[in-house]
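*Asks:* Everything below, folded, please.
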Amino acid sequence: LLNTIEEMRDAGAEVMAINGTVRVVASTWFGPGPNGSLVVSGEQITRPIKIDVIDLEPATTYYYRFYAQGRVSPIGRTRTAPLESSRLRIAVCCCSSLAHGYFHAYRHLAGRADVDLVLHVGDYIYEYASGTYGDVREYDPPTELFTLDDYRRRYRQYRSDPDLQEVHRQHPFVTTWDDHEIANDGWVGGAENHEDGEGVWEDRRAAATQAYWEWLPVRDGMLGRLYRAFPYGNLLDVIVLDTRYAGREEQIPLTDPNVLDLINAPGRQLLGAEQEAWFFEQLSSSTAQWKLVAQQVMVAQMALIKGQNGEFDKPLYNDWWDGYVDARTRFLQHVESEGISDVVIVTGDNHSSFANEITADPNTYDPETGAGTSAVEFVTPSITSPGLGFDSGTATLFATNNPHLRWFDTVNKGYIILDITPERIQTDWFHIGGGPIEAMIISEEFGKGLVIEPYLQTVIVGGNLLRFGLDTDRASVDGLAPGIYFLKLDGQMQKLMVQ
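*Replies:* From the prediction side, this is the model:
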């Protein structure tokens, strides 16, 4: 699916039909003659144009450009998904607050020639007025977004940014939204940042949804539905969720005297019943080695202070899966009851870096062996938005009370790269520093590298290594690299040292 970065209308031009062409080739040389025609109605001229190109070869890099109004676009590059694959490299990013600075992380990501796909897990734009949340750059329009024209103008401003343009020019994107594409801390029926006197919520949501569909590389039809799946042969299934607007119930204020009863209520929904059933079916029917779940908010429990008896009953944030406990319980019970292995979750939203082991009960989970782990979660930092910013004392307390959160960095911004083979997924964090991104040029640094290996739902950490253990039914100890492994023998965890 290809789309133009700018609208196909000159300033002051008469609104009329446009005839044009799009060329798609498997090399950077564009021979004579168009690949296909592009006819644009007068109604469409005021927004970007998308074209669904068919009959392309799998696992192939293509180059493309548009011709219209006597102009020729820059050459774009994209890559088709493979039917089978032994290796993929996927970037994950989120949360680009233009008001908090320049999009250097996008520029660094654009410069990578080793990326098959970019997964953007939300907060592509922010809805705030200028100066409300960040003050490095001014917004257009300068006011908060409410109408279709407002949201269109904000996307137009974002897509005019040269760094964002470049990363779209270089790589194919799969996107899903989080809250700020409409309003902060949104749910099905409203948002924290939608107040009385700001119009009808359904009108605002419809306007924001329409603008998102116009400006992002998502196919027309099923307007508003962003949960979908992308198969990559036997290696990987990418399962994209919408934890925000498809079926989420309203957040429970942590100040509510009945908050624990309410967030633990049976049947409480984060995904909505329809999406949840679809999600579970995707997990159960997948025959791929890895099930990569792309979604918005932290799945792992996150408690700064535990309950009276050490229980995880005092969530730090009500907007994450911690505020929808039964939804998380149903997810993990489905994974366990169906015997689904090798589930890897990639998450955005909190503007920080985390590597988490997902367990139903952190109190009974064993952090030494990883026993009790059902999945692994990697959280990408933001492009520019400010992180959680724990001071050293808070970070120490946080690490002590949350042993299933194996590594975290709550300051630096950047993105992550997943290097995926049948044998392992290596996740590398690339950081560009903390604080507002005010400098015009910033270099990136390698932040952390972690590896997971398939077959056994157990994770161990050693130095920079985070790995699933080996299942003795599917691998022998012959040829193993030196190190410590944990094997499940007769239902018991056993430690194996290979020298």
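*Asks:* where exactly do the strands run in the stretch 151-300 of the chain?
*Replies:* Counting by DSSP state E, counting those that start in this stretch, the stretch 151-300 of the chain has these strands, from start to end: 173-175, 186-187, 190-191, 228-232, 236-240, 290-294.
*Asks:* Could you check how sure the model is about the first one, as an average pLDDT?
*Replies:* For strand 173-175, mean pLDDT rounds to 97.
*Asks:* how many other residues sit next to residue 136?
*Replies:* By other Cβ atoms under 10 Å, 14 other residues sit near residue 136. Backbone N, C-alpha and C define where each C-beta goes, glycine included.
*Asks:* Nearest residue to it in space, please, no chain neighbours.
*Replies:* Sequence neighbours aside, residue 101 is the residue nearest to residue 136 in space, at 4.5 Å (criterion: Cβ to Cβ, 6 or more residues apart in numbering).
*Asks:* now stretch 121-140: how far from the chain's centre is it?
*Replies:* Centroid separation between stretch 121-140 and its chain, computed with Cα atoms, centre = their mean, to the nearest Å, is 19 Å.
*Asks:* and that stretch, which residues are buried?
*Replies:* Buried residues in stretch 121-140, counted by 16 or more other Cβ atoms under 10 Å: 121-128, 130, 133-134, 137, 139.
*Asks:* now, which of those sits nearest residue 373?
*Replies:* When the buried residues of stretch 121-140 are compared for distance to residue 373 (Cβ to Cβ), residue 121 wins out at 22.0 Å.
*Asks:* hmm, back to that, so of the buried residues of stretch 121-140, which ones are in helices?
*Replies:* Residues of the buried residues of stretch 121-140 located in helices (DSSP state H): none.
*Asks:* Scan this structure for its longest helix.
*Replies:* Taking DSSP H as the criterion, the chain has its longest helix at helix 201-215.
*Asks:* sorry, back to before: report the two of the buried residues of stretch 121-140 separated the most.
*Replies:* 121 and 130 (25.6 Å).
*Asks:* Pick out whichever of the buried residues of stretch 121-140 sits closest to residue 351.
*Replies:* Comparing the buried residues of stretch 121-140 against residue 351 with Cβ to Cβ places residue 123 closest, at 8.8 Å.
*Asks:* who touches the closest one in this structure?
*Replies:* 94-97, 177-181, 348-349, 382, 385 (Cβ atoms under 8 Å, 6 or more residues apart in numbering).
*Asks:* Put the buried members of the residues you listed into a ChimeraX selection.
*Replies:* Command for ChimeraX that selects the buried part of those, burial taken from 16+ other Cβ under 10 Å:
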select :94,95,96,97,177,178,179,180,181,348,349,382,385
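*Asks:* Make JSON lines out of the contacts of residue 123 and add distance to residue 237.
*Replies:* Putting the contacts of residue 123 into JSON lines (distance: Cβ to Cβ, whole Å) gives the following:
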{"residue": "94", "distance to residue 237": "21"}
{"residue": "95", "distance to residue 237": "25"}
{"residue": "96", "distance to residue 237": "27"}
{"residue": "97", "distance to residue 237": "31"}
{"residue": "177", "distance to residue 237": "21"}
{"residue": "178", "distance to residue 237": "22"}
{"residue": "179", "distance to residue 237": "26"}
{"residue": "180", "distance to residue 237": "28"}
{"residue": "181", "distance to residue 237": "25"}
{"residue": "348", "distance to residue 237": "20"}
{"residue": "349", "distance to residue 237": "22"}
{"residue": "382", "distance to residue 237": "26"}
{"residue": "385", "distance to residue 237": "29"}
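*Asks:* and which of the contacts of residue 123 is nearest residue 333?
*Replies:* residue 349 (23.9 Å).
*Asks:* any idea which element the closest one lies in?
*Replies:* Applying DSSP states H and E as the criterion places residue 349 outside every helix and strand.
*Asks:* And for the one 5 residues further on?
*Replies:* Remark: residue 354 resides in strand 353-359, with elements defined by DSSP H and E.
*Asks:* Partner strands of that strand, with direction?
*Replies:* strand 373-379 (antiparallel), strand 405-409 (antiparallel) (DSSP bridges).
*Asks:* how about those strands in a markdown table, adding distance to residue 54, mean neighbour count and mean pLDDT?
*Replies:* Shown next, in a markdown table, are the strands paired with strand 353-359 (distance: least, Cβ to Cβ, whole Å; neighbours: other Cβ atoms under 10 Å; pLDDT from 0 to 100):
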| stretch | distance to residue 54 | mean neighbour count | mean pLDDT |
| --- | --- | --- | --- |
| strand 373-379 | 34 | 24 | 94 |
| strand 405-409 | 43 | 21 | 92 |
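*Asks:* Tabulate the strands of the stretch 151-300 of the chain (CSV), appending distance to residue 358.
*Replies:* As requested, these are exported to CSV (distance: least, Cβ to Cβ, whole Å):
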stretch, distance to residue 358
strand 173-175, 22
strand 186-187, 23
strand 190-191, 27
strand 228-232, 20
strand 236-240, 15
strand 290-294, 10
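*Asks:* Which of the ones you listed sits closest to residue 302?
*Replies:* Using Cβ to Cβ, the nearest of the strands of the stretch 151-300 of the chain to residue 302 is strand 290-294, at 17.9 Å.
*Asks:* Now do the closest one against strand 373-379, angle only.
*Replies:* Angle, strand 290-294 to strand 373-379, by axes from the mean of the first three to the mean of the last three Cα atoms, to 10 degrees: 50 degrees.
*Asks:* tell me what strand 290-294 is packed against?
*Replies:* strand 236-240, strand 343-347, strand 414-420 (3 or more Cβ pairs under 8 Å, 6 or more residues apart in numbering; DSSP states H and E).
*Asks:* Name the residues that touch that strand?
*Replies:* 90, 92, 119, 121, 174, 176, 235-241, 282-283, 340, 342-346, 375, 418, 420, 425, 454.
*Asks:* mind checking how far it is from the chain centre?
*Replies:* For strand 290-294, the distance to the chain centre is 11 Å (Cα atoms, centre = their mean).
*Asks:* Show me which positions of the helix or strand just after it end up buried.
*Replies:* On the C-terminal side of strand 290-294, the closest following helix or strand by DSSP H and E is helix 325-337. By 16+ other Cβ under 10 Å, the buried positions in helix 325-337 come out as 325-332, 334-335.
*Asks:* cool, and stretch 261-275?
*Replies:* 262-263, 268-272, 275.
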